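> okay, sequence plus prediction incoming.
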Amino acid sequence: MMSEKSIHLKGVLGLVSIPLWGSDILFRSPKLFLFSKGSFSSLLNLLVKTVAILGTGFFIELLLVGLGFRLIRLGSTLLLKLGYAHYIKILIPRSLHVVGYKKRLLIFGVSYSVVKQFCTSLVSFRQPDVYKNKGVQLVGRSFRIKIGKQK
């Protein structure tokens, strides 16, 4: 299905919209005209990757490292206790599925950009400390810990 300058693909897991731009792409409802071989191959590769993603999806796992760090999911909101005097309240986008247990948080979605953006917004609330390695961390990512002052 096509609309003005974008293609919408619907799969088992949800709906993905692919924005298209360029001077060699012409939209005439319901047809799409491409004026170069390069734009055709780029569009074909993008469509093949997107169709493959619609069957599997993306997930990112986060780990809350620190004493007293907690998470609570209430409907479509996520409450995080990250060492501040208050809870941090975040609205979960409709296209994402969030599952949390103790100090692990699993974020699943069809669009990689939405999943990654949501994860980076969570990490930005409490970035990992370089001395103690505490904070919101991506699982599987290693951090270099600095050595403190020595007497």
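Yep, that arrived.

> so the residue nearest the centre of the chain, which of the three states?
Residue closest to the mean C-alpha point of the chain, counted by Cα atoms, centre = their mean, is residue 115 at 1.3 Å. With DSSP: H, G, I helix; E, B strand; the rest coil as the basis, residue 115 sits in helix.

> with adjacent residues omitted, what lies nearest to it?
residue 109 (4.4 Å; Cβ to Cβ, 6 or more residues apart in numbering). The C-beta positions use only the backbone N, C-alpha and C, and glycine is treated the same way.

> is the one you found in contact with residue 53, as I believe?
No: the criterion here is Cβ atoms under 8 Å, and residue 109 misses it with residue 53 at 10.0 Å.

> just the strands in this structure please.
Ranges of strands within the chain are 2-3, 6-10, 15-19, 25-28, 31-34, 58-65, 70-74, 77-81, 88-91, 96-101, 104-109, 135-138, based on DSSP state E.

> for the third one, packing partners?
Using 3 or more Cβ pairs under 8 Å, 6 or more residues apart in numbering; DSSP states H and E as the contact test, the elements touching strand 15-19 are strand 6-10, helix 37-56.

> follow-up on the earlier one: ok, residue 109 and residue 53, which is more surrounded?
Using other Cβ atoms under 10 Å, the more surrounded residue of residue 109 and residue 53 is residue 109, with 23 against 18.

> what's the pLDDT at that one?
On pLDDT, residue 109 comes in at 89.

> which strand residues bridge it?
residue 58, residue 96 (DSSP bridges).

> could you measure from it over to residue 5?
23 Å (Cβ to Cβ, to the nearest Å).

> and what of residue 130?
44 Å.

> for residue 29, same thing?
Taken as Cβ to Cβ, the span from residue 29 to residue 5 is 12 Å.

> neighbour count for the two, which is higher?
residue 5 (11 against 8).

> got CSV for the helices and strands packed on strand 15-19, with mean pLDDT too?
Compiled in CSV, those are given as follows (pLDDT from 0 to 100):
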stretch, mean pLDDT
strand 6-10, 80
helix 37-56, 81
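
> in a markdown table: the ones you listed, plus distance to residue 95.
Below are those laid out as a markdown table (distance: least, Cβ to Cβ, whole Å):
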| stretch | distance to residue 95 |
| --- | --- |
| strand 6-10 | 13 |
| helix 37-56 | 12 |
